[in-house]
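Student: just need the structure, nothing else, for what follows:
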Amino acid sequence: MNKGIGLCGSHRTGKTTLARELASRTGMEFLLTATSEVFAQNGLDPAAAMDFHTRLWIQHKVVEAAETVWQGARGPFISDRTPLDMMAYTLADIQGGTALDFAELESYLDHCFSVTNRFFAELVVLQPAIPLVHEQGKAALNRSYMEHLNVLVKGLCCDERLHCRFSLMHRATVDLEARVAEVLQGIQFAEFR
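Tutor: Reported below is the predicted structural model:
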């Protein structure tokens with residue numbers, strides 16, 4: 001099985017742009033996930049509020065679509081999202097009064113950790129830092145929500161169920177060249193060759 005480098009974190013942090021640039025510089029395959037398309041195909045708006053069961057249902061669809069993409073890797077790859085992102089969005093929707101099935105949630109989280117460990121050797125967490133630009137069909141540009149997701153992703157990186165390495169991009173690193181340099185410096189690329 002080919003393993004990859006996964007960029008993770010809140011929406012609108014530059015994951016796709018950075019993943020494309022890293023792939024271009026390293027010769028690794030870039031694998032684009034299609035989260036927005038999965039929502040659109042299922043008639044949902046990623047910026048809309050959802051009850052727990054709808055959120056869990058669509059997040060399962062998102063993970064399935066991403067797994068299909070990652071399974072198609074022809075060699076070591078770089079992807080613009082990971083299951084940690086998907087878990088964070090699911091967890092972010094849970095509040096004090098949210099009605100949920102905890103066993104169903106735990107099963108989903110276990111599955112996401114398993115998928116992460118199967119497909120990724122390294123994760124890089126991009127924190128909210130770059131200027132925000134609104135795009136139709138993308139998640140809400142709410143800085144507080146993005147920070148909430150950021151904290152959730154960082155916490156998931158420390159979960160004992162995660163077996164791959166991770167690093168955290170410095171918030172002050174917003175220039176694309178500097179971001180590329182920081183990742184290239186921190187990743188152990190030898191195992192991907």
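Student: tally of neighbours for residue 21?
Tutor: Other residues lying near residue 21 total 18 when counted by other C-beta atoms under 10 Å. Heads up, the C-betas are built off the backbone N, CA and C, glycines and all.
Student: how close does the nearest residue to residue 69 once chain neighbours are set aside get to residue 4?
Tutor: Among residues not flanking residue 69 along the chain, residue 31 sits closest, at 5.2 Å (C-beta to C-beta, 6 or more residues apart in numbering). Using C-beta to C-beta, to the nearest Å, we find residue 31 at a distance of 7 Å from residue 4.
Student: now the common contact residues for the two.
Tutor: Common neighbours of residue 31 and residue 4, counting by C-beta atoms under 8 Å, 6 or more residues apart in numbering, are 70, 73, 77, 78, 79.
Student: OK, contacts around residue 119?
Tutor: Contacts of residue 119 by C-beta under 8 Å, 6+ apart are 1, 3, 4, 6, 67, 70, 79.
Student: ramachandran coordinates for the third one?
Tutor: Dihedral angles phi and psi of residue 4 (degrees, to the nearest 10) take the values phi -130, psi -180.
Student: chain neighbours aside, what residue packs nearest to it?
Tutor: Residue 4 sits nearest to residue 77 (C-beta to C-beta, 6+ apart), 4.0 Å away.
Student: residue 174 and residue 17, how far apart?
Tutor: 11 Å.
Student: nope, residue 4 is what I meant
Tutor: 17 Å.
Student: neighbour count winner among those two?
Tutor: Counting neighbours by other C-beta under 10 Å for residue 4 and for residue 17 shows that residue 4 has the greater number, 25 against 15.
Student: specify the beta-bridge partners of the more buried one.
Tutor: Note on residue 4: beta-bridge partners by DSSP bridges are residue 77, residue 120.
Student: that one and residue 79 touch, don't they?
Tutor: Yes - assessed by C-beta atoms under 8 Å, residue 4 is found in contact with residue 79 at 5.6 Å.
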